[in-house]
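1. need a structure here:
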Amino acid sequence: MTLAFNLFDYAVFIAMLAVSAAIGIYFAYKDRKTNSTEQFLLGDRKLSIFPVAMSILASFTSVIIMFFLVFILNLNRIRNYFKKFHLRPTNS
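-> Residues are numbered from 1 along each chain as shown. Here you go, the predicted model:
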């Protein structure tokens, strides 16, 4: 099992970036009349609770996953630290 991108992976990655950019350009063109900062930053206070809650949930989930990945990737270093000083982690 190799951990490298192949041609299909690059195609999917580029397609995802292109679709994301196209959506951004479309909405930038569509809403180019938006002049006030309140309309831009707060959505003109017309957002319902669902999209706001989903945005907050996605942010928290992303942070939790990143912390978990950093912990897992550094688990071997943590074990070596305890071995170096002849420490045993407590099972509390």
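2. Quick one: the helices in this structure, in order.
-> 7-30, 37-42, 49-73, 75-84 (DSSP state H).
3. Now the shortest one: average pLDDT?
-> Right, the one you point to is helix 37-42. The average pLDDT for helix 37-42 rounds to 73.
4. can you give me the offset of that helix from its chain's centre?
-> Mean C-alpha position of helix 37-42 versus that of the full chain (CA atoms, centre = their mean, to the nearest Å) differs by 23 Å.
5. Count the neighbours of Y81 for me.
-> Using other CB atoms under 10 Å as the criterion, Y81 is surrounded by 12 other residues. Every C-beta, even on glycine, is put in place using the N, C-alpha and C of the backbone.
6. Renumber starting at 870 from here on
-> OK, 870 is where the count begins now, so the last one is Y950.
7. mean pLDDT for the helices of the chain: which is lowest?
-> helix 906-911 (a mean of 73).
8. That one packs against which elements?
-> For helix 906-911, there is no helix or strand it packs on, judged by 3 or more CB pairs under 8 Å, 6 or more residues apart in numbering; DSSP states H and E.
9. Distance of R948 relative to H955?
-> R948 is 13 Å from H955, where distance means CB to CB, to the nearest Å.
10. what does N949 give?
-> Using CB to CB, we find N949 at a distance of 12 Å from H955.
11. Return the set of buried residues in stretch 932-943.
-> For stretch 932-943, the neighbour count (16 or more other CB atoms under 10 Å) marks no residue as buried.
12. gap between the two ends of stretch 899-919?
-> End-to-end distance of stretch 899-919 (CA to CA, to the nearest Å): 23 Å.
13. which residues sit against that stretch?
-> Counting contacts by CB atoms under 8 Å, 6 or more residues apart in numbering, no residue outside stretch 899-919 touches it.
14. Report the buried residues of stretch 876-891.
-> So for stretch 876-891, nothing qualifies as buried (16+ other CB under 10 Å).
15. Equivalent analysis for stretch 914-925, please.
-> For stretch 914-925, using 16+ other CB under 10 Å, no residue counts as buried.
16. ok, back up a step: among R948 and H955, which residue is more densely surrounded?
-> Between R948 and H955, counted using other CB under 10 Å, R948 has the larger neighbour count: 11 against 6.
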